[in-house]
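S.K.: coordinates for the following, if possible.
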Amino acid sequence: MACLDPSKADTTTDRIMGVTKVSFVFGNQNNNGAADNGTVNPVLVNKAVNPGECVVFPLDLVNTGGQSDTHVLTYAIAGLPAEEQGRWTVALYVDADNEGALDNNELTPLTNTGVVKPYPVDPEKHLLARVCAPAGASAATRNVTFSAQSTNRPGEPPQTVTDSVTVKSTARLDLTPNRSGIGRPGSALWYDHVLQSYADYDLLESDLYFTVQGQNPRNDWSYTLYVWDGVNEATLTALPIQTGGPRDGQFRLGTGAGKLTADDGTPGSGTDQRQLRVRMFIPVNTPPNLTDVLNITVSNDANVGAGYPALTPDTVTDVTVVANSDLVLSKDNGGTFAINPGGEITYTTTFQNLGTDTLRDAVIMDAIPEKTEYRLGSAAAANAPPTNVTISAFYSLNWGTTWIADGGAGYVAATNVKWVLSLAGGGASDSLPSGAKGSVKFTVRVK
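M.R.: Sure thing, here's the model as predicted:
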C-alpha cells in the first residue's frame, strides 16, 4: 500500500494568457463605398417608400473583438396596424461591392453573417436590408429595428439599429393581376381582376373609364367585361369591349352618382374596390398556337369640382394561347406560396395528347408572373420527354411578338416562355403521338 511522503514536494503554475472579449459594432454604413474604417454611422436613417415598393438600408458590422464570430441577423417592425401585419417583407443581403445598392448578383437572403474574423484581418461586413411596404400600406412612419447577435456569447444583448420607413400617401389606381390561359377553339375563358383605389378621397364612377386594346390577327373573338359593384354579386353588368372598332374601346365604370370610395386600408375588399371579370370566347375555327394579348387600362378624368386630379393609369394584360383540342395541360408550382425577394419558384406543366391522332405543330406557352424575373436556361423538360419527341424552349420579351432561343445564365424581364414539340420520324409538322405524356418547367426569381 502506497504512503504519502511528506518530505517530497513540487509546484505547478497555471497562467491565463491574452484573453480577449467578444466585441462587435453594428449599425448604418458610414463609408459609402470608401475604404473601411472600422466604425459605423450612429445617425439613424429614414427613407420614404410608396405602397407596394421597397427601400434598401446599407448596414455595416465590424468584429472589434479578438475572436472570430458568427452573428445572427434579425429584424422587427413596430406599430403595424392589424391589416398590415404579416404583409411587410424584410430581407438582408451581402453588399458584395460595397456601393449601397442591391444588385442582381447579390439577391441571396441571409440569416447570419457567416464567420467574421477580427477587424482588420477581415474587413467590415457590408450588408443591405431591403424593406418592402405592402400595396395599400397606410401613410405613416414605421420603425424598423435590425439586430445582430453573437453566437460566441448568445447570452449577451444583441447590437441593434432602429431606422425608419415613411410610407408616402400615393393617390393612385391599381388594376391587378396580369393573367394568362390556354383555351381550345369553341371555348370561353374567364380572367379575374381587381380595381383598387389608393386615393384618400372618393372617386365618381362616371369619372373612371377603361380603355381596351388588343393584339390579335383575327377580329372574330368576342370579349365582355363584367363589373361587380361591391354590394351584390347579382348586379354584374356586361359591357362590350368592341365599342370603338375591332378590339378597341373606351367606356365608363358607371354613369350615375356611384362612387369608388376612399382607400379603407384593406386591399381587395370594401367599396374602395371593384371585382372585374373578362370573358373571352375563342371561335370554333381558330387555328392552334394563335396568341391573343388583351390590355385593359383604367384611368380617371380630373374632376376639379370634386377636388381630385388625374391619377396615373394602370394596366393589366391577359394573354391567351389557343391549344389543340386534344392537348390537355395541367400546371403547379410545387406548393410554393410565400417567397422572399431573391427566392425562386419553379412552375411545372404536364401535357398529354388525349386524341387518337398525332398532334401537329404542338406548342405550349406560359406567361411569366408579375414581379418576377425569368431565369435563363430554366425552360426545359421536367423529366424525360416522350419517345422520339424533342422539346425546344424559347422566351419572349414582348408578349410573344418575337422569340429567343432559351439558354445562358442570369435573369431577364421576360414576358412569356414556350416549348415547341417535334416528333422524329414523323411528318414535318408532327409533334406528339396519341396518348403521349410529358412535362415542362421554368423558374422565376421574385423581385
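S.K.: contacts, neighbours, all on C-alpha from now
M.R.: Noted.
S.K.: domain map for this protein?
M.R.: As assigned by automatic domain parsing, the chain contains the domains 24-167, 173-322, 327-446.
S.K.: can I get the ones you listed in a markdown table including distance to Thr12?
M.R.: Output for those, formatted as a markdown table (distance: least, C-alpha to C-alpha, whole Å):
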| stretch | distance to Thr12 |
| --- | --- |
| domain 24-167 | 28 |
| domain 173-322 | 74 |
| domain 327-446 | 59 |
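S.K.: weakest of these in terms of mean pLDDT?
M.R.: Of all those, the minimum mean pLDDT falls on domain 173-322 (a mean of 75).
S.K.: span of it from start to end?
M.R.: Using C-alpha to C-alpha, to the nearest Å, one end of domain 173-322 lies 31 Å from the other.
S.K.: ok, stretch 62-70 next?
M.R.: 11 Å.
S.K.: so what touches that stretch?
M.R.: 20-26, 38-40, 112-119, 123-125, 150-152 (C-alpha atoms under 8 Å, 6 or more residues apart in numbering).
S.K.: hang on, the earlier thing: can you redo the domains of the chain as a markdown table with distance to Asp10 and mean neighbour count?
M.R.: Shown next, in a markdown table, are the domains of the chain (distance: least, C-alpha to C-alpha, whole Å; neighbours: other C-alpha atoms under 10 Å):
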| stretch | distance to Asp10 | mean neighbour count |
| --- | --- | --- |
| domain 24-167 | 35 | 18 |
| domain 173-322 | 81 | 17 |
| domain 327-446 | 65 | 18 |
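S.K.: excluding chain neighbours, what is closest to Gly407?
M.R.: Gly377 (4.1 Å; C-alpha to C-alpha, 6 or more residues apart in numbering).
S.K.: leaving out the residues flanking it, which one is nearest to the residue nearest the centre of the chain?
M.R.: Central residue of the chain (C-alpha atoms, centre = their mean): Lys371, 3.5 Å from the mean position. Leaving aside its chain neighbours, Lys371 sits nearest to Lys447 (5.6 Å; criterion: C-alpha to C-alpha, 6+ apart).
S.K.: over to Gly342?
M.R.: Leu107 (4.8 Å).
S.K.: and that neighbour, how far is that from Ala367?
M.R.: For Leu107, the distance to Ala367 - C-alpha to C-alpha - is 23 Å.
S.K.: repeat that for Leu128.
M.R.: Leu128 is 31 Å from Ala367, by C-alpha to C-alpha.
S.K.: swap in Asn152?
M.R.: Asn152 sits 48 Å away from Ala367, going by C-alpha to C-alpha.
S.K.: same check, this time on Pro158
M.R.: Distance from Pro158 to Ala367, by C-alpha to C-alpha: 45 Å.
S.K.: where's the residue nearest to Gly407, which helix or strand?
M.R.: Counting by DSSP states H and E, no helix or strand carries Gly377.
S.K.: so it touches Tyr411, yeah?
M.R.: No: between Gly377 and Tyr411 there is no contact under C-alpha atoms under 8 Å: 9.3 Å.
S.K.: tell me if Ser431 really is in a helix.
M.R.: No: under DSSP: H, G, I helix; E, B strand; the rest coil, Ser431 falls outside any helix and is assigned strand.
S.K.: which residues touch it?
M.R.: Contacts of Ser431 by C-alpha under 8 Å, 6+ apart are Thr358, Leu359, Arg360, Asp361, Ala362, Val389, Leu421, Ser422, Leu423.
S.K.: need the nearest residue in space to it, chain neighbours excluded.
M.R.: Nearest one to Ser431, counting by C-alpha to C-alpha, 6+ apart, is Ser422 at 4.1 Å.
S.K.: that's a helix at the one you found, yeah?
M.R.: No: counting by three-state DSSP, Ser422 is not part of a helix but strand.
S.K.: going forward, count from 13.
M.R.: With 13 as the first residue, the last one maps to Ser434.
S.K.: mind listing the strands for the stretch 313-459 of the chain?
M.R.: Using DSSP state E, counting those that start in this stretch, the strands of the stretch 313-459 of the chain run over 326-334, 339-344, 356-365, 371-372, 375-379, 384-387, 392-393, 401-408, 416-417, 423-424, 428-435, 442-444, 449-458.
S.K.: can you put the ones you listed in a markdown table and add distance to Val179?
M.R.: Output for the strands of the stretch 313-459 of the chain, formatted as a markdown table (distance: least, C-alpha to C-alpha, whole Å):
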| stretch | distance to Val179 |
| --- | --- |
| strand 326-334 | 20 |
| strand 339-344 | 35 |
| strand 356-365 | 27 |
| strand 371-372 | 54 |
| strand 375-379 | 31 |
| strand 384-387 | 23 |
| strand 392-393 | 41 |
| strand 401-408 | 35 |
| strand 416-417 | 40 |
| strand 423-424 | 29 |
| strand 428-435 | 33 |
| strand 442-444 | 53 |
| strand 449-458 | 22 |
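S.K.: Val206: which of the contacts of Ser443 is nearest?
M.R.: Nearest to Val206, judged by C-alpha to C-alpha, of the contacts of Ser443 is Ala374 at 33.2 Å.
S.K.: so what's the closest one up against?
M.R.: Ala374 sits in contact with Pro300, Asn301, Ala335, Asn336, Val432, Leu433, Ser434, Ser443, Leu444, where contact means C-alpha under 8 Å, 6+ apart.
S.K.: got JSON lines for those, with distance to Pro197 too?
M.R.: Shown next, in JSON lines, are the contacts of Ala374 (distance: C-alpha to C-alpha, whole Å):
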{"residue": "Pro300", "distance to Pro197": "8"}
{"residue": "Asn301", "distance to Pro197": "11"}
{"residue": "Ala335", "distance to Pro197": "8"}
{"residue": "Asn336", "distance to Pro197": "8"}
{"residue": "Val432", "distance to Pro197": "20"}
{"residue": "Leu433", "distance to Pro197": "20"}
{"residue": "Ser434", "distance to Pro197": "22"}
{"residue": "Ser443", "distance to Pro197": "19"}
{"residue": "Leu444", "distance to Pro197": "19"}
